[in-house]
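*Asks:* Provided below for reference: sequence and predicted model.
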Amino acid sequence: MSSRKSLVAVLAALIALVALPTIAQARQTIRGPGFKTYVPSGWPLKHSHANGWRTTSVSSPGSNPDRPRYSAFITVSSITVRALEKRSQKKLPSSLTELASALISLPNGSLDSQPTGPPGYTTVAGVPGGTVRYQFSLAGIDMVQTTTALRRHGRIYFVQIENDTANPELSTAAATMVRSSWRWS
């Protein structure tokens with residue numbers, strides 16, 4: 001029986017190494033003010049700067065936001081606390097989970113959005129953050145979005161990961177790469 005368990009473990013490890021993006025595989029860099037991280041190679045990057053936000057959007061190859069079946073989307077944004085407070089015309093919440101809840105942005109056209117559980121706490125490269133997770137329907141496809149908000153050195157960092165619930169491994173592997181390779185500068 002132990003040889004069967006060993007074989008299953010070896011096969012699972014082999015599948016994870018071959019099929020899912022990892023830090024050891026090809027990767028591309030996302031750099032922003034005060035940080036750098038990596039995403040899987042071949043995932044298209046789009047950089048933008050609007051209303052004080054510096055944003056990099058990443059999508060799995062072949063993804064289409066209008067038809068998100070088997071797709072994953074990652075958004076990494078940053079803004080100064082001062083600029084965000086000026087834009088929102090109010091002081092930001094001190095609670096990181098309240099901050100994540102205030103910043104979450106579901107895609108246009110999403111329906112039936114609801115939290116999947118209570119907000120939680122996490123850390124990214126040693127910096128505490130707040131996390132919220134929502135499920136919703138987009139173009140008839142069940143999606144999940146996880147939003148993490150971090151506050152460091154007068155800046156807010158905002159990471160959103162969306163995926164089709166039929167293929168969570170795709171975004172989980174990419175999200176693991178983003179989180180585990182995150183470095184502050």
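*Replies:* Perfect, thanks for sending it.

*Asks:* Give me the buried positions along the helix or strand harbouring T97.
*Replies:* Here T97, judged by DSSP states H and E, is contained in helix 96-103. Buried residues in helix 96-103, counting neighbours by 16 or more other CB atoms under 10 Å, are found at 96-97, 99-103. No exception for glycine: its C-beta is placed from N, CA and C like everyone else's.

*Asks:* Next: stretch 55-73.
*Replies:* By 16+ other CB under 10 Å, the buried positions in stretch 55-73 come out as 55-60, 63, 68, 71-73.

*Asks:* Tell me, please, where in this protein the pLDDT is lower than the cut-off.
*Replies:* In the predicted model, the chain carries pLDDT under 70 at residues 1-25.

*Asks:* Of the buried residues of helix 96-103, just say which sits nearest to L84.
*Replies:* Set against L84, the nearest of those by CB to CB is L103 (8.6 Å).

*Asks:* Go ahead and confirm the closest one touches F158.
*Replies:* Yes - shown here, L103 and F158 form a contact pair, counting by CB atoms under 8 Å, at 5.5 Å.

*Asks:* Mutual contacts of those two, please.
*Replies:* The contact sets of L103 and F158 overlap at 147, 149 (CB atoms under 8 Å, 6 or more residues apart in numbering).

*Asks:* so the spatially most central residue of the chain, which of the three states?
*Replies:* Taking CA atoms, centre = their mean, the centroid of the chain lies closest to I161, which sits 3.1 Å from it. For I161, the secondary structure call by DSSP: H, G, I helix; E, B strand; the rest coil comes out as strand.

*Asks:* For it, give me its contacts.
*Replies:* For I161, the contact set (CB under 8 Å, 6+ apart) comprises 72-75, 145-146, 171, 174-175, 178.

*Asks:* Repeat the analysis, applying 7 Å as the threshold.
*Replies:* 74, 145-146, 171, 175 (CB atoms under 7 Å, 6 or more residues apart in numbering).

*Asks:* ok, now R54?
*Replies:* Contacts of R54 (CB under 7 Å, 6+ apart): 32-33, 77-78.

*Asks:* Pull the most distant pair out of those.
*Replies:* Using CB to CB, the pair of the contacts of R54 lying farthest apart is P33 and S77, separated by 10.7 Å.
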